[in-house]
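# next one to model:
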Amino acid sequence: MRRYEYTVRVRTAAPPERVWALLVDATGWPRWTPVPAAAYEREGDPAPHGVGAIRRLGRAPLVSREEVVAFEAPHHFAYTMLSGLPLRGYRADVHLVPDGTGTEIEWSGGFDASSRIAGSFWNGVLRVGIIRTIARALAREADRH
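Now for the predicted structure:
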């Protein structure tokens, strides 16, 4: 088993609090990301977005289920994947770092893979495709408000 990790960094002119509000509200993602649907299976603490929340993102047959494991407003949000992609031990941490008058969004993640080919493939899909797309959309939406 080998660990694969990625980091995506994006900057926005918006303050961390504005970025945070958009990031943690999974049900709002379909308005500003390519994610077609989002709902909570279970609310977290604090409700509804906090630790223990289980989020469903996407539509069948492509639905990911994620559990929120860190909720430190407005700077650190983390989740693990319960199902959806064929990844073991997936965890992502999003850090919102004040940067002058704006915010640097640092979205890092990692997972385990038994095959180097599969690990490299999914690392690229996440880093270059899914996560970079969502992080850029988050920055654009924060800039618009």
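
# what comes up buried for the helix or strand residue 117 falls within?
Element membership for residue 117 (DSSP states H and E) is helix 116-124. Residues 119, 122, 123 are the ones in helix 116-124 that count as buried (16 or more other Cβ atoms under 10 Å). To be clear about C-beta, it is placed using only N, CA and C from the backbone, and glycine gets the same treatment.

# show the average pLDDT along that helix.
Here helix 116-124 scores 94 as its mean pLDDT.

# repeat that for stretch 33-50.
97.

# what does the worst-scoring helix or strand of the chain on mean pLDDT rub up against?
Sorting the helices and strands of the chain by mean pLDDT, DSSP states H and E puts helix 116-124 at the bottom, at a mean of 94. By Cβ atoms under 8 Å, 6 or more residues apart in numbering, the residues outside helix 116-124 that reach it are 2, 4, 5, 6, 85, 86, 87, 111, 113.

# re earlier: include distance to residue 26 when you put the buried residues of helix 116-124 into CSV, please.
Below are the buried residues of helix 116-124 laid out as CSV (distance: Cβ to Cβ, whole Å):
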residue, distance to residue 26
119, 27
122, 22
123, 23
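
# out of those, which is nearest to residue 65?
residue 122 (16.9 Å; Cβ to Cβ).
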